[in-house]
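K.L.:
kindly generate the corresponding structure for this input.
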Amino acid sequence: MSAKNQTSKRWWRQMLTPGWVIAALLIGVFSYYAFTFLAPWQLGKNEALVERNEHISAAFEHDPEPLSSRLGPDGSLGDGAEWSRVVATGRYTGPDVLLRLRPVDGTPAFQVLTPFTLDDGHAILVHRGWVKAQDSTQVPDIAPAPTGDVTITGMLRADEGVHPNAPMHEQGYDMVYSISPTQVGDLVGQSLASPYLQLLGDQPGVLNPIPIPVLDRGNHLSYGLQWIAFGIMAPAGLAYFIYSEIRERRRYAAEQHEMTALVASGATTSETPSGPLAVEPDSAPAPGPDSAPAPGPDSAPAPEPEPVSRSATPPARARYGHSRSNPWATKPDEERY
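P.N.:
Alright, predicted model coming up:
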């Protein structure tokens, strides 16, 4: 195929090589996941943090509300009620249930969950705080919840859902892996509302209160925007490299076509006949063998050529770096060289 035909070859056929096809597939898959999973994941976390911060800020802008005003008729969490500060009156009932394998500020801890029965007969799970684990795995002594009627203030939190790992009974306590009022209610034999109440400091029955989250959005927004940018830049970079490759191939084909034309024009010039050589008028013909003057009687005879001495010829060893004679050679050998 000539260079001209290669130039006219469709560009997409030039790129149908395994390397380019695999690169295009990988970049396509990456961009798809960047737009459909990675970017929405980070942007969704940013939106959730913004909503949480707004609820926490609003909760401390007014006095705590009665618990019943933030719960639905069936005991479910009302719309936008998470992180609301509420007040409830009742008494602690039922045994403590421990939340395991969840450190607090990097400290191995057990978090204590205790059912709380309200004055109206309904019950809610109360998160009383946390205690530091002994030797990272042992349950320390836990102060019991007060008896009798008390009034507590806390923040409403949503059900975390049931953890895949089943509850376990160890060291005299039922232990769970997530805060699920439904699961804890099954363990203690009580029907609990779907949210739970996280105690604030200086409340009856509180241990070490769980710290309130810092009102910070983090880097999730920038991460989401970066994934969007990566999803755009990857195909754009592939398109640029494809364009550069096609341009380079076209330039190479044009150079090959030009060189072929130059070679063809040079061959045509060399085949052109140049004609007979002209003889300059002033040039004299070269003397032939018969034009030499005959030797006269007074002319001196031509000197005979001197015989070439074999000793003047360098020995064969001179070709290999030196002319030193072979000390082990015999006399005839030395005369021969």
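
K.L.:
Pro66 contacts Thr89, correct?
P.N.:
No: in this structure, Pro66 is not within contact of Thr89 by CB atoms under 8 Å, at 9.2 Å. All C-beta atoms are positioned from the backbone trio N, CA, C, and that covers glycine.

K.L.:
of these two, who's got more company?
P.N.:
Neighbour count, other CB atoms under 10 Å: between Pro66 and Thr89, Thr89 has more, with 14 against 11.

K.L.:
what helix or strand is that one on?
P.N.:
strand 85-92 (DSSP states H and E).

K.L.:
gap between the next helix or strand after that strand and the chain center?
P.N.:
Counting by DSSP H and E, the element after strand 85-92 in chain order, helix or strand, is strand 97-99. Computed by CA atoms, centre = their mean, to the nearest Å, the separation of strand 97-99 from the middle of its chain amounts to 39 Å.

K.L.:
what strands line up against strand 97-99, and which way round?
P.N.:
According to DSSP bridges, strand 97-99 forms sheet pairs with strand 109-118 (antiparallel), strand 173-176 (parallel).

K.L.:
next SSE after the shortest one?
P.N.:
Moving toward the C-terminus from strand 173-176, the next helix or strand (DSSP H and E) is helix 181-188.

K.L.:
quick one, helices of the stretch 101-250 of the chain?
P.N.:
181-188, 220-270 (DSSP state H, counting those that start in this stretch).

K.L.:
highest average neighbour count across those helices?
P.N.:
Counting by mean count of other CB atoms under 10 Å, helix 181-188 has the highest mean neighbour count of those, with a mean of 19.

K.L.:
what inclination does that helix have with respect to strand 109-118?
P.N.:
80 degrees (axes from the mean of the first three to the mean of the last three CA atoms, to 10 degrees).

K.L.:
what is helix 181-188 packed up against?
P.N.:
Counting contacts by 3 or more CB pairs under 8 Å, 6 or more residues apart in numbering; DSSP states H and E, helix 181-188 is packed against strand 97-99, strand 109-118, strand 123-132, strand 173-176.

K.L.:
one step back: turn the helices of the stretch 101-250 of the chain into TSV, columns for mean pLDDT.
P.N.:
Output for the helices of the stretch 101-250 of the chain, formatted as TSV (pLDDT from 0 to 100):
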stretch	mean pLDDT
helix 181-188	94
helix 220-270	87
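
K.L.:
tell me which of those helices sits nearest to Ser57.
P.N.:
Checking the helices of the stretch 101-250 of the chain against Ser57 by CB to CB gives helix 220-270 as the closest, at 18.3 Å.

K.L.:
and the closest residue to Pro95 other than its chain neighbours, what is it in contact with?
P.N.:
Leaving aside its sequence neighbours, Pro95 sits nearest to Val188 (CB to CB, 6 or more residues apart in numbering; 6.1 Å). Applying CB atoms under 8 Å, 6 or more residues apart in numbering to Val188 gives the contacts 94-95, 97, 115, 174.

K.L.:
how about Ala34?
P.N.:
Ala34 touches 227-228, 230-231, 234, counting by CB under 8 Å, 6+ apart.

K.L.:
and with 7 Å instead?
P.N.:
227, 230-231 (CB atoms under 7 Å, 6 or more residues apart in numbering).

K.L.:
need those residues in TSV (columns: distance to Glu61).
P.N.:
Shown next, in TSV, are the contacts of Ala34 (distance: CB to CB, whole Å):
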residue	distance to Glu61
Trp227	35
Phe230	40
Gly231	40
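
K.L.:
on that earlier part again, distance of the residue nearest to Pro95 from Thr182?
P.N.:
Separation of Val188 from Thr182 (CB to CB, to the nearest Å): 11 Å.

K.L.:
next one: Phe230
P.N.:
Phe230 is 41 Å from Thr182, by CB to CB.

K.L.:
over to Asp174?
P.N.:
14 Å.

K.L.:
now do Asp63
P.N.:
In terms of CB to CB, Asp63 sits 30 Å off from Thr182.

K.L.:
do the same with Ala234
P.N.:
45 Å.

K.L.:
over to Ala264?
P.N.:
According to CB to CB, Ala264 stands 88 Å off from Thr182.

K.L.:
any chance of the helices and strands packed on helix 181-188 in CSV, with mean pLDDT, distance to Gly148 and mean neighbour count too?
P.N.:
CSV is the format used below for the helices and strands packed on helix 181-188 (pLDDT from 0 to 100; distance: least, CB to CB, whole Å; neighbours: other CB atoms under 10 Å):
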stretch, mean pLDDT, distance to Gly148, mean neighbour count
strand 97-99, 96, 21, 22
strand 109-118, 96, 12, 23
strand 123-132, 96, 15, 22
strand 173-176, 96, 23, 19
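
K.L.:
mind putting those strands in JSON lines, distance to Ala166 included?
P.N.:
Formatted as JSON lines, those follow (distance: least, CB to CB, whole Å):
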{"stretch": "strand 97-99", "distance to Ala166": "14"}
{"stretch": "strand 109-118", "distance to Ala166": "17"}
{"stretch": "strand 123-132", "distance to Ala166": "19"}
{"stretch": "strand 173-176", "distance to Ala166": "9"}
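
K.L.:
which residues are in contact with stretch 101-120?
P.N.:
88-94, 96-100, 123-133, 136, 139, 142, 145, 177, 179, 184, 188, 190, 192, 207, 210-211.
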